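Participant: okay, sequence plus prediction incoming.
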Amino acid sequence: FGEDEMWYHLQLYHVNHKNNRLHKCPVCKKVMPPNLQVHYRNHHGLVAKGAVEKEEGSGVFALAVCRRGDGKFLMTQEFAGTGFWLPGGQLNPGESLRDGVIRECQEEAGVRVEVKGVLEVLEQGAHWRRV
């Protein structure tokens, strides 16, 4: 694969491979901690050419608890074979909790949701705490 083809390939075909060992980046040759897909996505291929923006972290996360009328809950298969979780993820810089959780449900599960309230807000310092 060329650099651009690898950029797509890793995200599409290796997203559920466990990240449990060090990897050597095929482009920059850096030895990466587990998470080659994220490194490659944010430093090479289309991002390096300026065609796609690098994912910037906000440090703020939102999770959705979605329950159907029959009582079943929505779960999504998470990155790198880490199991099934509530849909959600890191907010984009400046994004509201409401908009972030709606976007994450659409991206991760293809589901449009209506936010009915906030269950809990947590703050991470040395330890997580409820706010």
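Facilitator: All right, it came through fine. Numbering: from 1, shown residues only.

Participant: and residue 83, how far is that from residue 67?
Facilitator: Note on residue 83: its distance to residue 67, by CB to CB, to the nearest Å, is 19 Å. Glycine gets a C-beta too; all of them are placed from N, C-alpha and C.

Participant: grab the nearest non-local neighbour of residue 53.
Facilitator: residue 47 (7.1 Å; CB to CB, 6 or more residues apart in numbering).

Participant: A strand includes the one you found, no?
Facilitator: No - membership of residue 47 in a strand is not supported by DSSP: H, G, I helix; E, B strand; the rest coil, which gives helix.

Participant: name the residue most distant from the centre of the protein?
Facilitator: Centroid-distance maximum for the chain: residue 70 at 28.1 Å, with CA atoms, centre = their mean.

Participant: endpoints of stretch 37-54, how far apart?
Facilitator: 13 Å (CA to CA, to the nearest Å).

Participant: hmm, who's touching stretch 38-53?
Facilitator: Outside stretch 38-53, the residues within contact range by CB atoms under 8 Å, 6 or more residues apart in numbering are 3-4, 6-8, 10-11, 25, 27-28, 30, 32, 54-55.

Participant: I'd like the average pLDDT over it.
Facilitator: Mean pLDDT, stretch 38-53: 85.
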